[in-house]
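A.B. asks: this one's sequence-less:
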């Protein structure tokens, strides 16, 4: 099902900058934003079966992202590739 949503130009410009810098589509961002808004699983951690420590870590990560301290998808992929390489090299020894 396709839904057309109208948002102010200024907000759309912010969304475009965010998705461009994170390598995702506007549709994906908006879908995820709506999904997160409708289901705040961090407020009900029993739904996710998370420990209190995991919920705390997720909340800290959310705060860091909102304050501009997050990583782009490309940065995450690079870090994972680096860790995989290190792990494979350590496994050879």
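C.D. replies: In hand now; what should we look at? None of these values were measured; they are calculated from a predicted model.
A.B. asks: surely residue 73 meets residue 23?
C.D. replies: Yes. Using C-beta atoms under 8 Å, residue 73 is in contact with residue 23, at 4.3 Å. All C-beta atoms are positioned from the backbone trio N, CA, C, and that covers glycine.
A.B. asks: so where is the protein shaky, pLDDT-wise?
C.D. replies: 37, 39-50, 93 (pLDDT under 70).
A.B. asks: report the longest helix in it, please.
C.D. replies: In terms of residue count, the longest helix belonging to the chain (DSSP state H) is helix 73-92.
A.B. asks: in that helix, what's buried?
C.D. replies: Within helix 73-92, no residue is scored as buried using 16 or more other C-beta atoms under 10 Å.
A.B. asks: so what touches it?
C.D. replies: 22-24, 71 (C-beta atoms under 8 Å, 6 or more residues apart in numbering).
A.B. asks: so which of those is the most crowded?
C.D. replies: Counting neighbours by other C-beta atoms under 10 Å, the top entry in the contacts of helix 73-92 is residue 22, with 16 neighbours.
A.B. asks: give the contact list for that residue.
C.D. replies: Contact analysis of residue 22 by C-beta under 8 Å, 6+ apart lists 72-73.
A.B. asks: still on that earlier bit, the contacts of helix 73-92: which two are farthest apart?
C.D. replies: 24 and 71 (13.0 Å; C-beta to C-beta).
A.B. asks: between the two, which contacts overlap?
C.D. replies: Common neighbours of residue 24 and residue 71 (C-beta under 8 Å, 6+ apart) do not exist.
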